[in-house]
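> Quick one, what's the 3D model for this:
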Amino acid sequence: MSIVAQLAIGTVTVALTIIMQACFAAIAFSVDDRFTPPRTRTTRFGATLLLAASTIWMLLAITLAAWIWAGLFIVLGAFEALEPALYFATVSLTTLGFGDVILSQDVRLLSAIVAANGLVMFGLSTAFLLEFVGQVREEKGSSTRSHISTAE
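Sure thing, here's the model as predicted:
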(Lines give C-alpha, C1' and ligand atoms only; values in the text may rest on other atoms or scores of the structure.)
Protein backbone atom coordinates (compact mmCIF):
# COMPACT_ATOMS: atom_id res chain seq x y z
CA MET A 1 0.00 0.00 0.00
CA SER A 2 1.36 3.42 -0.90
CA ILE A 3 2.41 6.02 1.62
CA VAL A 4 -0.36 8.33 0.42
CA ALA A 5 -2.99 5.60 0.88
CA GLN A 6 -1.72 4.85 4.40
CA LEU A 7 -1.78 8.55 5.29
CA ALA A 8 -5.30 8.94 3.87
CA ILE A 9 -6.65 5.87 5.67
CA GLY A 10 -4.89 6.86 8.88
CA THR A 11 -6.19 10.43 8.70
CA VAL A 12 -9.78 9.30 8.20
CA THR A 13 -9.50 6.80 11.06
CA VAL A 14 -7.97 9.40 13.40
CA ALA A 15 -10.72 11.87 12.50
CA LEU A 16 -13.37 9.20 13.18
CA THR A 17 -11.93 8.27 16.58
CA ILE A 18 -11.45 11.91 17.66
CA ILE A 19 -15.00 12.82 16.62
CA MET A 20 -16.23 9.75 18.49
CA GLN A 21 -14.34 10.78 21.61
CA ALA A 22 -15.65 14.35 21.39
CA CYS A 23 -19.17 12.91 21.18
CA PHE A 24 -18.47 10.79 24.26
CA ALA A 25 -17.40 13.93 26.15
CA ALA A 26 -20.48 15.85 24.97
CA ILE A 27 -22.75 12.98 26.02
CA ALA A 28 -21.09 12.83 29.44
CA PHE A 29 -21.64 16.57 30.02
CA SER A 30 -25.22 16.32 28.76
CA VAL A 31 -26.09 13.32 30.92
CA ASP A 32 -24.48 14.98 33.92
CA ASP A 33 -26.41 18.23 33.36
CA ARG A 34 -29.74 16.45 32.92
CA PHE A 35 -29.65 13.57 35.36
CA THR A 36 -27.25 14.32 38.20
CA PRO A 37 -29.05 15.72 41.24
CA PRO A 38 -27.33 18.93 42.46
CA ARG A 39 -26.89 17.43 45.93
CA THR A 40 -24.80 14.57 44.49
CA ARG A 41 -22.25 16.99 43.06
CA THR A 42 -21.73 18.78 46.37
CA THR A 43 -20.81 15.70 48.42
CA ARG A 44 -17.34 14.24 48.30
CA PHE A 45 -18.72 10.74 47.72
CA GLY A 46 -21.04 11.92 44.94
CA ALA A 47 -18.29 13.91 43.24
CA THR A 48 -15.97 10.89 43.44
CA LEU A 49 -18.61 8.63 41.87
CA LEU A 50 -19.15 11.14 39.06
CA LEU A 51 -15.42 11.33 38.40
CA ALA A 52 -15.10 7.52 38.40
CA ALA A 53 -18.05 7.17 36.01
CA SER A 54 -16.63 9.86 33.72
CA THR A 55 -13.22 8.22 33.67
CA ILE A 56 -14.69 4.84 32.79
CA TRP A 57 -16.84 6.49 30.10
CA MET A 58 -13.79 8.10 28.48
CA LEU A 59 -11.84 4.82 28.68
CA LEU A 60 -14.73 3.26 26.78
CA ALA A 61 -14.13 5.76 23.97
CA ILE A 62 -10.45 4.80 23.85
CA THR A 63 -11.39 1.11 23.90
CA LEU A 64 -13.73 1.63 20.95
CA ALA A 65 -10.92 3.37 19.11
CA ALA A 66 -8.75 0.27 19.62
CA TRP A 67 -11.55 -1.88 18.16
CA ILE A 68 -11.86 0.45 15.18
CA TRP A 69 -8.14 0.24 14.48
CA ALA A 70 -8.17 -3.54 14.95
CA GLY A 71 -11.03 -3.85 12.49
CA LEU A 72 -9.17 -1.68 10.01
CA PHE A 73 -6.05 -3.87 10.33
CA ILE A 74 -8.13 -6.98 9.62
CA VAL A 75 -9.83 -5.34 6.61
CA LEU A 76 -6.43 -4.30 5.24
CA GLY A 77 -5.14 -7.86 5.69
CA ALA A 78 -2.47 -6.86 8.20
CA PHE A 79 -3.79 -9.55 10.59
CA GLU A 80 -5.89 -12.63 9.98
CA ALA A 81 -7.30 -12.95 13.51
CA LEU A 82 -8.94 -10.51 15.89
CA GLU A 83 -6.72 -11.08 18.93
CA PRO A 84 -3.40 -10.02 17.40
CA ALA A 85 -5.09 -7.10 15.62
CA LEU A 86 -6.69 -5.88 18.85
CA TYR A 87 -3.50 -6.48 20.81
CA PHE A 88 -1.43 -4.49 18.32
CA ALA A 89 -4.01 -1.68 18.16
CA THR A 90 -4.18 -1.41 21.96
CA VAL A 91 -0.41 -1.54 22.47
CA SER A 92 0.08 1.06 19.75
CA LEU A 93 -2.80 3.32 20.81
CA THR A 94 -1.42 3.48 24.34
CA THR A 95 2.01 4.22 22.81
CA LEU A 96 3.47 1.31 24.77
CA GLY A 97 4.69 -0.36 21.58
CA PHE A 98 6.20 -3.63 22.80
CA GLY A 99 7.35 -4.55 19.29
CA ASP A 100 6.52 -8.23 19.71
CA VAL A 101 3.78 -7.92 17.07
CA ILE A 102 4.49 -5.65 14.13
CA LEU A 103 2.82 -4.63 10.89
CA SER A 104 4.17 -5.67 7.53
CA GLN A 105 6.18 -3.10 5.63
CA ASP A 106 3.32 -2.23 3.28
CA VAL A 107 1.16 -0.83 6.13
CA ARG A 108 3.64 -0.11 8.91
CA LEU A 109 3.23 3.68 8.64
CA LEU A 110 -0.19 3.14 10.22
CA SER A 111 1.46 2.07 13.49
CA ALA A 112 2.90 5.56 13.96
CA ILE A 113 -0.48 7.09 13.14
CA VAL A 114 -2.16 4.86 15.75
CA ALA A 115 0.35 6.03 18.36
CA ALA A 116 -0.26 9.69 17.48
CA ASN A 117 -4.00 9.02 17.68
CA GLY A 118 -3.54 7.59 21.16
CA LEU A 119 -1.57 10.62 22.34
CA VAL A 120 -4.33 12.94 21.18
CA MET A 121 -7.11 10.78 22.64
CA PHE A 122 -5.44 10.53 26.05
CA GLY A 123 -4.85 14.29 25.98
CA LEU A 124 -8.51 14.93 25.17
CA SER A 125 -9.59 12.58 27.94
CA THR A 126 -7.35 14.40 30.39
CA ALA A 127 -8.71 17.78 29.31
CA PHE A 128 -12.30 16.54 29.65
CA LEU A 129 -11.69 15.11 33.11
CA LEU A 130 -9.97 18.29 34.30
CA GLU A 131 -12.88 20.38 33.01
CA PHE A 132 -15.35 18.03 34.66
CA VAL A 133 -13.54 18.15 38.01
CA GLY A 134 -13.34 21.96 37.73
CA GLN A 135 -17.09 22.20 37.20
CA VAL A 136 -17.81 19.90 40.14
CA ARG A 137 -15.45 21.85 42.42
CA GLU A 138 -16.96 25.15 41.25
CA GLU A 139 -20.47 23.95 42.04
CA LYS A 140 -19.34 22.54 45.37
CA GLY A 141 -17.69 25.88 46.21
CA SER A 142 -20.76 27.90 45.25
CA SER A 143 -22.94 25.51 47.26
CA THR A 144 -20.70 26.00 50.30
CA ARG A 145 -20.80 29.79 49.85
CA SER A 146 -24.57 29.60 49.53
CA HIS A 147 -24.85 27.73 52.83
CA ILE A 148 -22.57 30.27 54.52
CA SER A 149 -24.65 33.17 53.19
CA THR A 150 -27.85 31.55 54.40
CA ALA A 151 -26.36 30.97 57.87
CA GLU A 152 -25.35 34.62 58.23
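> contacts and neighbour counts: CA atoms only from here.
Fine.
> Buried residues, the lowest-mean-pLDDT helix or strand in the chain. List them.
Every helix and strand in the chain was compared by mean pLDDT, DSSP states H and E; the lowest is helix 38-42, with a mean of 77. Applying a neighbour-count criterion of 16 or more other Cα atoms under 10 Å, the buried positions in helix 38-42 are 40-42.
> out of those residues, who's nearest residue 125?
Ranked by distance to residue 125 (Cα to Cα), the buried residues of helix 38-42 are led by residue 41 at 20.2 Å.
> so that closest one touches residue 136, yeah?
Yes: with contacts counted by Cα atoms under 8 Å, residue 41 reaches residue 136, the gap being 6.1 Å.
> Find residues that contact each of these two.
Counting by Cα atoms under 8 Å, 6 or more residues apart in numbering, the contacts common to residue 41 and residue 136 are residue 47.
> just to revisit the earlier point, what is the nearest of the buried residues of helix 38-42 to residue 18?
residue 41 (28.1 Å).
> if I look at the closest one, how far off is residue 56?
Distance, residue 41 to residue 56, using Cα to Cα, to the nearest Å: 18 Å.
> Okay, now the unreliable bits of the protein?
139-152 (pLDDT under 70).
> now the helices for it?
3-35, 38-42, 44-75, 82-93, 109-151 (DSSP state H).
> Return the most buried member of the ones you listed.
helix 82-93 (a mean of 21; mean count of other Cα atoms under 10 Å).
> now the angle from it to helix 44-75?
120 degrees (axes from the mean of the first three to the mean of the last three Cα atoms, to 10 degrees).
> Point out the other helices and strands that helix 82-93 packs with.
helix 44-75, helix 109-151 (3 or more Cα pairs under 8 Å, 6 or more residues apart in numbering; DSSP states H and E).
> And the contacts of that helix?
So helix 82-93 is contacted by 63, 66-67, 69-71, 73-74, 78-79, 97-98, 101-102, 111-112, 114-119 (Cα under 8 Å, 6+ apart).
> if you set the cut-off to 6 Å instead, what comes out?
Helix 82-93 has contacts (Cα atoms under 6 Å, 6 or more residues apart in numbering) with 66, 69-70, 79, 97, 114-115, 118.
> Let me know the closest of those to residue 129.
Of those, the one sitting nearest to residue 129 (Cα to Cα) turns out to be residue 118, at 16.3 Å.
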